[in-house]
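S.K.: Quick one: sequence plus predicted model below, questions after.
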Amino acid sequence: MPITYFRIRWPDRSETNCYSPSSVVKEFFTPNSSYEIADFLERARTALNLASERVRAKYGYACSSAMDQLAQLEESARRYADRPGASVKVIEFT
């Protein structure tokens with residue numbers, strides 16, 4: 001269950017480095033691919049919840065950092081609510 005970081009680019013070209021406690025995020029995103037905001041958030045919710053549950057299975061408690069990351073992504077995405085078709089690009093995993 002290796003920690004995985006991934007870098008994304010928002011529609012305004014700003015970038016965010018993201019955290020996951022598990023490499024499961026690699027099953028939901030492809031580097032150098034773009035996802036409409038709603039699709040990106042749905043994938044992020046699923047991936048980060050799975051990652052948190054993997055932590056729970058191993059250590060007996062959920063990963064609050066994964067949930068914090070999800071909350072930050074959801075908050076940032078609200079900035080683009082008025083932009084139909086806006087997308088997030090997953091740049092890379094590190």
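M.R.: Thanks, I have the structure now.
S.K.: in the lengthiest helix in the chain, what counts as buried?
M.R.: As assigned by DSSP state H, the longest helix anywhere in the chain is helix 37-59. The neighbour-count criterion (16 or more other Cβ atoms under 10 Å) identifies 37, 40-41, 43-44, 47-52, 54-55 as the buried residues of helix 37-59. Bear in mind the C-beta positions are built from the backbone N, C-alpha and C, glycine included.
S.K.: how close does the residue nearest the centre of the chain get to G60?
M.R.: Closest to where the C-alpha atoms of the chain average out (Cα atoms, centre = their mean) is A44, at 4.0 Å. According to Cβ to Cβ, to the nearest Å, A44 stands 24 Å off from G60.
S.K.: still on that earlier bit, what's in contact with the longest helix of the chain?
M.R.: Counting by Cβ atoms under 8 Å, 6 or more residues apart in numbering, the neighbours of helix 37-59 from elsewhere in the structure are 1, 8, 11, 20-22, 24-25, 27-29, 35, 61-63, 66-67, 69-70, 73-74, 77, 80, 83, 86-88.
S.K.: Now do the contacts for E92.
M.R.: Counting by Cβ under 8 Å, 6+ apart, E92 makes contact with 6-7, 31-32.
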